[in-house]
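Student: Okay, here's the prediction I keep looking at, along with the sequence it came from:
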Amino acid sequence: MGLSVGIVGLPNVGKSTIFNALTRAGAPSANYPFCTIDPNVGIVPVPDPRLEEISSYITTRQVTHATVEVVDIAGLVKGASKGEGLGNKFLANIRETDAILMVVRCFEDENVVHVDGSVDPLRDVEVIELELIYADLETAEKRLDRARKIARTGKAEAKAELAFAERLVEALGDGRPARTVAPHNEGEREILHDMHLLTAKPVLYCCNVDDRSLPDGNELSARVVARAAEHGERSVIVSGRIEEEMLGLAGDELREMLAVYGLDEPALNKLIRACYELLGLQSFFTAEEKEVRAWTIRRGATAPQAAGVIHTDFERGFIRANVYSIDDLRHYRTEAAIKAAGKLRSEGKDYVMRDGDIVRFLFDG
Ligand SMILES: Nc1nc2c(ncn2[C@@H]2O[C@H](COP(=O)(O)OP(=O)(O)OP(=O)(O)O)[C@@H](O)[C@H]2O)c(=O)[nH]1
Ligand SMILES: [Mg+2]
């Protein structure tokens, strides 16, 4: 689907450490600010226990996960929107992503330099958010100027655009992100999309804590979690260091390490699933002897759109989709038994896919 999450935050807070743990990419991570300059891009499989479960009923040669693209971006500092610390280049990198994973330092470690001299996660979140808001304000003001000029011609469309640009500039000027300005109609939605505002992107806060603060976080992360919740946003608790250490482990060794930290699975699994949701994505499955596979669609996608993710011919020649659920599979154990029980649903082109549908498409062509 080509949607990506950008890892954003102050310098030296653990962004590349978390990126490496996510992607196993081995990007440079070091104890100095601006270690990352050019963005690192990685493809991350989305952990989904349902795949294992499906393949326990349907013997298959291959299990394929859905994926999400993650981009490790350079650290932002105060003044980034004015070009400080190569700010404009880094902001452009963020603009290209579809959602933001904001890594916030919630660990004390006097050996790891903090660019502002002390650990204060709420201040850090506000510094980053303000830089993104300043950059957006500039974009929105330009748009407003343009809309003013065109509105003088009296065109109704231009007047509507002017009103929306005014709302945006007012919100941003008050320090509120663009995602708090809900578009009222399709036209406004289009303008918003066209502007590629940084603060219109959904945000997930990633509190990077030390090993002693697992699994539930500490006093520092609690502040970030509370702030996020106040704004109706989500947060996750991760220890980048520990996740990195767990990378090489499997089986009993991994289970033991998870138990030591009170985790039921690597925290990154939760993080990736949260990113996937943040992007408005969900999965459906195809389950055959050749392959059991998770595919990515936007929430609200119809059956033909889902078919199109597999192959454009499937969408063009779409006839019907035969659909069942994991619950059906748990209960009847085989597709044949599901069919015999009359539970195999035949869905047409208007069917809106549900998360976790197991599908076989019938198509012409
Ligand atoms: N104590 C502790 N140190 C950490 C943790 N996570 C990362 N670090 C250290 O913090 C330093 C910076 O980590 P990076 O991952 O390079 O940070 P970054 O945010 O990518 O930094 P820039 O690319 O410079 O913006 C490294 O020395 C890491 O080992 C953690 O959970 N605990
Ligand atoms: Mg880095």
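Tutor: Great, that's in hand. Ligands and ions are numbered 1, 2, ... in the order given.
Student: Nearest to ligand 2: which residue in the stretch 101-250 of the chain?
Tutor: residue 103 (9.4 Å; Cβ to the ion). (Each C-beta comes from the backbone N, C-alpha and C, glycine too.)
Student: got a list of what that residue touches?
Tutor: Applying Cβ atoms under 8 Å, 6 or more residues apart in numbering to residue 103 gives the contacts 7, 8, 9, 13, 14, 15, 18, 206, 208, 240.
Student: which of those residues sit farthest apart?
Tutor: Pairwise distances across those (Cβ to Cβ) peak at 14.7 Å, for the pair 8 and 240.
Student: right, quick check: stretch 113-128 against ligand 1, any contact?
Tutor: No - using Cβ under 6 Å from any ligand atom, stretch 113-128 stays clear of ligand 1, coming no nearer than 8.1 Å.
Student: Give me the distance between the two termini of that stretch.
Tutor: 18 Å (Cα to Cα, to the nearest Å).
Student: Can you mark which positions in it are buried?
Tutor: Counting neighbours by 16 or more other Cβ atoms under 10 Å, one finds that the buried residues in stretch 113-128 are 114, 115, 119, 120, 121, 124, 125, 127, 128.
Student: Over to stretch 102-111?
Tutor: Going by 16+ other Cβ under 10 Å, stretch 102-111 has these buried residues: 102, 103, 104, 105, 106, 107.
Student: State the pLDDT value of the second one.
Tutor: Among the per-residue scores, residue 103 shows a pLDDT of 98.
Student: Which of the three states applies to it?
Tutor: Secondary structure, DSSP: H, G, I helix; E, B strand; the rest coil: residue 103 is strand.
Student: For ligand 2, see how far away the spatially closest residue to the residue of the stretch 101-250 of the chain closest to ligand 2 that is not a sequence neighbour is.
Tutor: Excluding its sequence neighbours, the residue lying closest to residue 103 (Cβ to Cβ, 6 or more residues apart in numbering) is residue 9, at 3.9 Å. Distance, residue 9 to ligand 2, using Cβ to the ion, to the nearest Å: 9 Å.
Student: Over to residue 66?
Tutor: Residue 66 is 26 Å from ligand 2, where distance means Cβ to the ion.
Student: any low-confidence regions in this protein?
Tutor: Low-confidence segments of the chain (pLDDT under 70): 1-2, 25-26, 85-87.
Student: can you list the domains in it?
Tutor: As assigned by automatic domain parsing, the chain contains the domains 4-48+66-116+200-278, 130-198, 300-363.
Student: can you list the ones you listed in JSON lines and add distance to residue 54?
Tutor: Shown next, in JSON lines, are the domains of the chain (distance: least, Cβ to Cβ, whole Å):
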{"stretch": "domain 4-48+66-116+200-278", "distance to residue 54": "10"}
{"stretch": "domain 130-198", "distance to residue 54": "35"}
{"stretch": "domain 300-363", "distance to residue 54": "7"}
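Student: Just send the buried residues of stretch 113-128 back as JSON lines, with distance to ligand 2 and secondary structure too.
Tutor: Listed next are these as JSON lines, based on distance: Cβ to the ion, whole Å; DSSP: H, G, I helix; E, B strand; the rest coil:
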{"residue": "114", "distance to ligand 2": "14", "secondary structure": "coil"}
{"residue": "115", "distance to ligand 2": "13", "secondary structure": "coil"}
{"residue": "119", "distance to ligand 2": "18", "secondary structure": "coil"}
{"residue": "120", "distance to ligand 2": "20", "secondary structure": "coil"}
{"residue": "121", "distance to ligand 2": "18", "secondary structure": "helix"}
{"residue": "124", "distance to ligand 2": "15", "secondary structure": "helix"}
{"residue": "125", "distance to ligand 2": "18", "secondary structure": "helix"}
{"residue": "127", "distance to ligand 2": "17", "secondary structure": "helix"}
{"residue": "128", "distance to ligand 2": "14", "secondary structure": "helix"}
